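Novice: Here you go, sequence then predicted model.
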Amino acid sequence: MFDKFRNNNGVTWLVVFLGNPGPRFAGTRHNAGFMAADAMADEFKVSINKLRFKSLTATVTVDGQGVLLMKPQTYMNLSGEAVAQAARFYKISPDRVIVVSDEVAIPLGSLRIRKSGSAGGHNGLKNIILHLGTQDFPRMRMGVGAAPHPDYDMADWVLSTFKNQDAEDMQALARRVSAAVQCYISEGPERAMSKFNSTR
């Protein structure tokens, strides 16, 4: 859909951090992606605050390549609208759209990097697949931990906040994601997966 075009705008990668906008969702499991965005912004000393493509954005340079950092403001279930707009504008193929999301199916503090894959029940990823027309885009899944028991309401769980040690572990994971994104762009997916994929 996008790979036949050439990009003449300077940006050659999109990094999409998934979450929900507004103070109500700040610090929740579903907003782990936004935590990673803030960690990367801190490292690069930028503010992700320019409203474009239904997202708050900032542009940084990684290994000489222009990278658009995105925090979609559409709410999670419509994240694909923002991603597709930016990908079309910059004429970026899906294999250069890195999506960072929360994941309840892996332990809190763990990171899983894949070059492609299904939505795995994640509505944000599902909508991005719909709008890009493919599931062949890289994703970094941040482990936020499973609900404490099987009957726990999943919506309540992903909208709950991190406490104490869990909060510290997630801040460390957010910084790890920033490093993983840079590695993926500068050294390639195999190196990033080898170096940063982890389980706890």
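Specialist: Looks like it came in fine.
Novice: residues contacting the closest residue to Ala180 other than its chain neighbours?
Specialist: Among residues not flanking Ala180 along the chain, Phe196 sits closest, at 4.1 Å (CB to CB, 6 or more residues apart in numbering). Placement of C-beta: from N, CA and C, glycine included. Residues in contact with Phe196 (CB atoms under 8 Å, 6 or more residues apart in numbering) are 111, 113, 176, 179-180, 183.
Novice: one more time with 7 Å, if that's ok
Specialist: Phe196 makes contacts with 111, 113, 176, 180, 183, as judged by CB atoms under 7 Å, 6 or more residues apart in numbering.
Novice: what's Ala179 in contact with, if anything?
Specialist: Counting by CB under 7 Å, 6+ apart, there are no residues that Ala179 touches.
Novice: again, only using 8 Å
Specialist: Phe196.
Novice: Mind picking out the helix or strand in this protein with the poorest mean pLDDT?
Specialist: helix 154-158 (a mean of 77; mean pLDDT, DSSP states H and E).
Novice: With just CA atoms, put that helix into CSV.
Specialist: C-alpha atoms of helix 154-158 as CSV (Å, rounded to 0.1, in the frame of the first residue of the first chain):
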residue,chain,number,x,y,z
MET,A,154,-10.2,-7.1,31.9
ALA,A,155,-11.3,-3.5,31.3
ASP,A,156,-10.9,-2.7,34.9
TRP,A,157,-7.5,-4.4,34.9
VAL,A,158,-6.0,-2.6,32.0
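Novice: What is the distance between it and the centre of its chain?
Specialist: 19 Å (CA atoms, centre = their mean, to the nearest Å).
Novice: now stretch 116-136
Specialist: 12 Å.
Novice: Could you tell me the end-to-end distance of that stretch?
Specialist: Terminal residues of stretch 116-136 are spaced 4 Å apart (CA to CA, to the nearest Å).
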